[in-house]
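**Q** I need the structure of the sequence given here:
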Amino acid sequence: MAEVRVTVDGVNYADDVEPRTLLVQYLRERLGKTGTLVGCDTSNCGACTVHLNGQSVKSCSVLAVQADGGEVTTIEGLARDGKLHPMQEAFNECHGLQCGYCTPGMIMAAIDLLGDNPDPDEQEVREGIEGNLCRCTGYQNIVRAVQSAAQKMRPGAAAEQAPAPVAGGGN
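**A** Sure thing, here's the model as predicted:
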């Protein structure tokens, strides 16, 4: 067994884990963070994406012991004081999901993208989320959601902005 000390969604944890335990398993099975999903177990789909020390990682390819001393943010840790993160709001407003399976990982990757590029064009969004697969959509509403969130997250952005029109949504 190996001891892991990690901060997850602002809460400190210290646990003994098997050295081979994946971060996704630790988050889901030990801490109950079931919003971090297991999709492929091969790091191809991105459903398990979380932030480790401020960078998105696929938690199925990181050992829990590698997160020792680190800070992890999961999809559950994004909301503050009962208010969704602007990216979560934008995915909802722009219909950036269908079945929702890829959504947590997609949101986490998109937030990381905006940290590197706060005003991405469509192609940059598509390239920024290319490691996260969605089998239900054509990605158009996901791209729209990321760009809408980028507008909301700009310094000085108005607190309330109308959501971007959705294809076929009659807006």
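**Q** tell me where the chain has strands.
**A** 2-8, 11-17, 49-52, 55-58, 71-73 (DSSP state E).
**Q** including mean pLDDT and mean neighbour count, could these go into TSV?
**A** (Each C-beta comes from the backbone N, C-alpha and C, glycine too.) Output for the strands of the chain, formatted as TSV (pLDDT from 0 to 100; neighbours: other Cβ atoms under 10 Å):
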stretch	mean pLDDT	mean neighbour count
strand 2-8	98	17
strand 11-17	98	12
strand 49-52	98	26
strand 55-58	96	20
strand 71-73	98	21
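**Q** those: which one's closest to residue 97?
**A** With Cβ to Cβ, the closest approach to residue 97 among the strands of the chain belongs to strand 49-52: 14.6 Å.
**Q** coming back round to it: adding distance to residue 100, write the strands of the chain out as CSV.
**A** Formatted as CSV, those follow (distance: least, Cβ to Cβ, whole Å):
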stretch, distance to residue 100
strand 2-8, 22
strand 11-17, 25
strand 49-52, 14
strand 55-58, 18
strand 71-73, 19
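**Q** any weak-confidence spans in this structure?
**A** Counting by pLDDT under 70, the chain has low-confidence residues at 157-171.
**Q** tell me the centre residue of it?
**A** What sits nearest the mean C-alpha location of the chain, by Cα atoms, centre = their mean, is residue 108, with 1.6 Å.
**Q** what about that one, distance to residue 93?
**A** 18 Å (Cβ to Cβ, to the nearest Å).
**Q** also residue 102?
**A** For residue 102, the distance to residue 93 - Cβ to Cβ - is 18 Å.
**Q** ok, the two, which is more surrounded?
**A** residue 102 (26 against 19; other Cβ atoms under 10 Å).
**Q** so the more buried one touches residue 134, yeah?
**A** Yes: Residue 102 is within contact range of residue 134, at 4.5 Å (criterion: Cβ atoms under 8 Å).
**Q** sweet, I'm off.
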